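S.K.: here is a sequence with its predicted model. Questions after.
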Amino acid sequence: MSLSAEDLHWAPGGVPILRGVTLRLPGRGVLGLVGPNGSGKSSLLRLMAGLRRGTGGAVLLDGQPMARMRRRDVARRLALVEQDAATASALSVREVVALGRPPRRGAWAPWSAADEAAVAAALARAGMQGRGDQPWATLSGGECQRVQIARALAQEPRELLLDEPTNHLDIRHQLELLRLLPHLGARVVVALHDLNQAAAFCDEIAVMQDGRLVAQGRPAQVLDAGLIRDVFGVEARIERSGAGLRIAFF
Ligand SMILES: Nc1ncnc2c1ncn2[C@@H]1O[C@H](COP(=O)(O)OP(=O)(O)OP(=O)(O)O)[C@@H](O)[C@H]1O
């Protein structure tokens, strides 16, 4: 059953930001969250991660309202990597990844072989094995993103929420990161701006517009010229080849 938003509303200070969003994760694979600036993608991810409480509706984890769960139990289940997540710069890569472990450890438990193994596994999954001793401050932008993902993976989440993880990355690092997503050992929800990348790398796409979820399904079902015009306000031509598609904008 996994993670879902059910008729979720959020109106901080009375201003409606999320207006009745119902979003269910697909049974497996990567769900892409797309939508114009300000449509509510980051807000939805933060509410689904339990960092904010909705003002109506619910976020459910395995059918249970997240609001009634302990923070620690939520953190054992899912992890969020926010946009431009910052980290104290004096740490090594291994120390940064180890910051993901507290939800998995007893309050007073010493650092264990299991913790060490989880950190090593997270580094390997994120393609950063052998880099544990490197100072965080010396990493490239793409490496920083990978280490933030490794830190989230060290929580051993079943659901991983990523908010625009390709921000600031050059095209090679964007593609490397997107190719990594199906291999992270978690269900992934990823907010993306590039519709072609979303179509190519996501099993399903969910489209936000003005605080509402206006479409969800396989990329070829969801992305058409009419939706792109209505939601993003641009003209597009969809070129289909087999199961894939390419969007040309004009
Ligand atoms: N704490 C808050 N209080 C009031 N308004 C907020 C708050 N957080 C976000 N907003 C507003 O909610 C709207 C949606 O913001 P959000 O960051 O969720 O959009 P987004 O789709 O992620 O945008 P982008 O693509 O630009 O990152 C914006 O108008 C934003 O200014």
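M.R.: Here it is on my side, so go on. Keep in mind the model is a prediction, meaning the values are calculated, not measured.
S.K.: how about the residues of the chain by the ligand?
M.R.: With C-beta under 6 Å from any ligand atom as the criterion, the chain meets the ligand at residues 12, 15, 17, 35, 37-43. (C-beta placed from N, C-alpha, C; glycine too.)
S.K.: for these, give me JSON lines that also has pLDDT and neighbour count.
M.R.: JSON lines is the format used below for those (pLDDT from 0 to 100; neighbours: other C-beta atoms under 10 Å):
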{"residue": "12", "pLDDT": "95", "neighbour count": "11"}
{"residue": "15", "pLDDT": "96", "neighbour count": "8"}
{"residue": "17", "pLDDT": "98", "neighbour count": "20"}
{"residue": "35", "pLDDT": "98", "neighbour count": "23"}
{"residue": "37", "pLDDT": "97", "neighbour count": "6"}
{"residue": "38", "pLDDT": "97", "neighbour count": "12"}
{"residue": "39", "pLDDT": "98", "neighbour count": "23"}
{"residue": "40", "pLDDT": "98", "neighbour count": "24"}
{"residue": "41", "pLDDT": "98", "neighbour count": "24"}
{"residue": "42", "pLDDT": "97", "neighbour count": "17"}
{"residue": "43", "pLDDT": "98", "neighbour count": "20"}
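S.K.: make TSV out of the residues you listed and add secondary structure.
M.R.: Formatted as TSV, the residues of the chain next to the ligand follow (DSSP: H, G, I helix; E, B strand; the rest coil):
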residue	secondary structure
12	helix
15	coil
17	coil
35	coil
37	coil
38	coil
39	coil
40	coil
41	helix
42	helix
43	helix
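S.K.: could I get those residues as JSON lines with distance to residue 187?
M.R.: As requested, these are arranged in JSON lines below (distance: C-beta to C-beta, whole Å):
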{"residue": "12", "distance to residue 187": "28"}
{"residue": "15", "distance to residue 187": "31"}
{"residue": "17", "distance to residue 187": "24"}
{"residue": "35", "distance to residue 187": "20"}
{"residue": "37", "distance to residue 187": "26"}
{"residue": "38", "distance to residue 187": "26"}
{"residue": "39", "distance to residue 187": "22"}
{"residue": "40", "distance to residue 187": "21"}
{"residue": "41", "distance to residue 187": "17"}
{"residue": "42", "distance to residue 187": "19"}
{"residue": "43", "distance to residue 187": "20"}
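S.K.: tell me the confidence at the most centrally placed residue in the chain?
M.R.: Nearest to the mean C-alpha position of the chain, counting by C-alpha atoms, centre = their mean, stands residue 162 at 2.0 Å. Each residue has a pLDDT score; the one for residue 162 is 96.
S.K.: what segments of this structure are strands?
M.R.: Applying DSSP state E to the chain gives strands spanning 3-10, 18-24, 30-34, 56-61, 64-65, 78-81, 159-163, 187-191, 204-209, 212-217, 236-241, 244-249.
S.K.: distance from the fourth one to the middle of the chain?
M.R.: Put plainly, it is strand 56-61. What separates the centre of strand 56-61 from the centre of its chain is 18 Å, taken as C-alpha atoms, centre = their mean, to the nearest Å.
S.K.: same deal with the third one?
M.R.: Using C-alpha atoms, centre = their mean, the mean C-alpha position of strand 30-34 is found 8 Å from that of the whole chain.
S.K.: what about dumping the CA coordinates of that strand to CSV?
M.R.: Taking C-alpha atoms only, strand 30-34 is exported to CSV below (Å, rounded to 0.1, in the frame of the first residue of the first chain):
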residue,chain,number,x,y,z
VAL,A,30,10.0,5.8,-10.2
LEU,A,31,7.2,8.4,-10.0
GLY,A,32,8.0,11.8,-11.5
LEU,A,33,6.3,14.9,-10.1
VAL,A,34,6.2,17.7,-12.7
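S.K.: helices or strands next to that strand in the packing?
M.R.: Contacting strand 30-34 under the criterion 3 or more C-beta pairs under 8 Å, 6 or more residues apart in numbering; DSSP states H and E are the following elements: helix 41-48, strand 187-191, helix 195-201, strand 204-209.
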